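Asks: Predicted structure and sequence below. I'll ask about it afterward.
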Amino acid sequence: MKLFLLSLLFSISVIDADTQVAQYGGCLNPSAGPDDRAFHCHFDERHCETNEQWIIPTDVIDQGYGPCTCDTDYLTPVFLYSCYEGGVVSCVGEFSQCSSSAFDFGERYNAETNIIDGCGAGSIAEGAFTDLTCGKQCQCNYNYYNNGNIVQAGSTKYGACHSETNQFTCAIYESECEPDETYYPFTSPFLSTNGVECRCDDVTTGACVTGSDLFGYCAVSEASCASDQTFLTRNELSTSSFSTDCRLCVNTWDGPTTSPTAPPPTSSPTPCTTGVGFALQILTDAYGGETTWSLYDEASGDTVASGGPYENVSLINEFECLDDGCYEFVIFDSFGDGICCEYGNGFYTVTLDGELVAEGGEFESSEIEKFCVGDPTCSDALLPVAINGSSLSCLLVVANNGCDSEAGRSHCPASCGACDVYGCADSLAPIVEVNGNRRFCSDLPGLLGDDLEEKCEIAQLSSTCRATCGLCP
C-alpha cells in the first residue's frame with residue numbers, strides 16, 4: 001500500500017501544479033474464491049461483469065485494493081479491452097472499437113496471470129500462454145506486446161473526437177464526444193493522416209467537485225464521484241471556475257525535451273582496395289548476449305573475423321575485406337534457440353560487394369553458410385610433399401624447380417601458375433610416407449579411417465586433395 005501511494009504522489013508532484021491525474025475506481029466481485037482475483041481497476045462501471053459491483057476511487061483505497069494507477073507501475077493498472085485479429089492483440093476503450101472481424105478477448109485479458117518481478121518499462125515481453133507474464137496485458141499506459149519485444153510506457157493509444165471546426169480532442173470513448181463531433185478509434189487512418197496520436201497523457205478527463213468552489217479529484221465519469229459530489233465533463237470543467245487540467249496520466253517516462261544534436265553522418269564501409277567486401281548485418285533478439293559468429297578460411301582453417309556477444313535487440317553491422325578463397329561463416333546461439341522468432345524477430349544477412357549470399361535467423365545452436373570469393377579453387381596445398389623421409393613446402397618446391405614437374409605444379413598450382421589445370425585437381429605428389437611406402441590423394445578414402453567427409457574437414461587435406469574432397473563448388 002505504501003509503495004502504491006508513493007508512486008501516485010510522485011506522479012502528481014512532478015507535473016504542473018494545475019495539472020492532476022485522474023483517480024480510478026474498479027469492479028469488485030464480493031463472492032470471489034480464495035484463488036480468484038476479486039478486484040480489477042477500470043475507467044468506469046461499464047466494464048464490470050454482472051456479478052461485480054463498482055466501487056469509487058476513495059473506497060478502492062479504503063478497502064485496500066489500490067490505488068488504481070495509469071502510470072509506469074505495471075502492477076496496479078487500469079485495464080483496457082482486448083481484441084485479437086491477424087496475430088495482433090489490440091487494446092481499446094471498449095469492444096465497439098474493435099473491427100467487426102476481431103475476436104473478443106474481453107475486459108481484462110491475462111489479468112489472472114502473475115507478473116514477472118521487475119516487469120515494466122524496458123522489460124522484455126514474455127510468458128505467452130503461461131501463468132507468469134510480462135507485457136501481456138492491455139493497460140491504460142502499457143500496450144500488449146508479443147514475446148521478445150521491449151515493453152514501453154506510454155505505448156497504449158487512444159481515439160479522438162473530431163469537431164466540425166477540424167479540432168481533435170483525445171478521448172477514451174465515443175460517448176465523451178460532443179453532439180457535433182465524430183469519434184475515431186486510434187486505428188482509424190483518418191487520425192494518422194492528420195498526424196493525430198493520442199497517449200494517456202494526451203487524454204483529458206472531467207472531475208468530481210462539490211458545489212462551485214470545492215474541487216475533489218479528476219475522474220473519467222460520474223461513476224467515480226461520491227454521492228455528495230457533482231461530475232463535470234471535461235468541457236464543463238474547462239469553462240468552470242476551476243483551473244485544474246485533468247489527464248488520464250502524466251508523462252514521467254520521457255526525459256526532458258531538448259534540441260536534438262545531429263549524430264555524426266553514417267558512412268558506408270570504405271570500399272576494399274583489394275579483395276571483396278564482406279558485410280554482415282545482425283538484428284539480435286531479446287537475448288543478444290547469446291549471439292556470436294565466426295568467419296573461417298576453409299583452406300587454412302584460420303579465423304578471419306568474429307564478433308559478439310551483443311546487446312539485446314540491437315542492429316549490428318560488421319565489415320571485412322576478403323581475399324580470394326573459400327570461407328565458412330558460422331553464427332552461434334549459446335542457448336540453442338536461434339535469434340528468431342520466439343524472443344524477437346532477429347535475423348542475419350551476409351553480402352559480398354552488396355550481393356546477398358546468405359540470410360537466416362531460425363536455427364538452433366548454430367548455422368553454417370559457405371561461400372567463395374574470386375578464384376577460390378586456386379591455392380597451394382597446405383600439406384607438404386612427402387618424399388624420401390623429407391617434407392617439402394611449396395616454397396621449397398618452387399626454389400628447387402619443382403614446378404617443372406606435373407607433381408610440383410599440381411601440388412602448388414598458385415605458385416607454379418597452373419591454376420587453369422590443377423586448381424580443382426588433386427595433388428599428384430605423395431602426401432605421406434608409411435613405412436617407406438608413399439601415399440597419394442587417391443589413397444585418401446582408405447587412410448586414417450573410412451569417414452572421408454570427416455577427413456576432408458581438415459584444411460590441410462582438403463586443400464591438397466581438392467577433387468577428392470570436392471573443394472571446388
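Replies: Yep, it's here. Numbering: from 1, shown residues only.

Asks: can you pull the contacts of residue 314?
Replies: Counting by C-beta atoms under 8 Å, 6 or more residues apart in numbering, residue 314 touches 283, 284, 288. For the C-beta atoms, the positions are set from N, CA and C on the backbone; glycine is no exception.

Asks: And it, how far from residue 355?
Replies: Relative to residue 355, residue 314 is positioned 25 Å away (criterion: C-beta to C-beta, to the nearest Å).

Asks: all strands in the stretch 201-350 of the chain, in order from the N-terminus.
Replies: Taking DSSP state E, counting those that start in this stretch as the criterion, the stretch 201-350 of the chain carries its strands at 206-210, 214-219, 230-232, 245-247, 276-283, 291-297, 303-307, 315-322, 325-333, 340-341, 344-345, 347-352.

Asks: List the contacts of the third one.
Replies: The contact list for strand 230-232 (C-beta under 8 Å, 6+ apart) reads 206-211, 219, 221-222, 224-225, 240, 242.

Asks: Recalculate using a threshold of 7 Å.
Replies: Taking contacts as C-beta atoms under 7 Å, 6 or more residues apart in numbering, the residues outside strand 230-232 that touch it are 206, 207, 208, 209, 219, 221, 222, 225, 240.

Asks: lowest-pLDDT helix or strand in the chain?
Replies: For the chain, using mean pLDDT, DSSP states H and E, the weakest element among its helices and strands is helix 2-13, scoring a mean of 32.

Asks: Do you have the helices of the stretch 301-450 of the chain handy? List them.
Replies: With DSSP state H, counting those that start in this stretch applied, the stretch 301-450 of the chain shows helices at 394-399, 406-411, 413-416, 419-422, listed in chain order.

Asks: Could you dump the ones you listed into a markdown table with mean pLDDT and mean neighbour count added?
Replies: What follows is these, written out as a markdown table (pLDDT from 0 to 100; neighbours: other C-beta atoms under 10 Å):
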| stretch | mean pLDDT | mean neighbour count |
| --- | --- | --- |
| helix 394-399 | 83 | 17 |
| helix 406-411 | 92 | 22 |
| helix 413-416 | 84 | 20 |
| helix 419-422 | 85 | 15 |
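
Asks: Residue 32 contacts residue 38, doesn't it?
Replies: Yes. With contacts counted by C-beta atoms under 7 Å, residue 32 reaches residue 38, the gap being 3.7 Å.

Asks: which of the contacts of residue 314 count as buried?
Replies: In terms of neighbour count (16 or more other C-beta atoms under 10 Å), the buried residues within these are 283, 284, 288.

Asks: measure the last one to residue 35 for me?
Replies: In this view, residue 288 and residue 35 are 38 Å apart by C-beta to C-beta.

Asks: can you count the residues close to residue 374?
Replies: Number of residues near residue 374 (other C-beta atoms under 10 Å) recorded here: 14.

Asks: residues in contact with it?
Replies: Shown here is residue 374, whose contacts under the criterion C-beta under 7 Å, 6+ apart are 276, 324.

Asks: quick one: it from residue 357, how far?
Replies: Taking C-beta to C-beta as the criterion, residue 374 is separated from residue 357 by 13 Å.

Asks: likewise residue 277?
Replies: In this structure, residue 277 and residue 357 are separated by 12 Å, where distance is defined by C-beta to C-beta.
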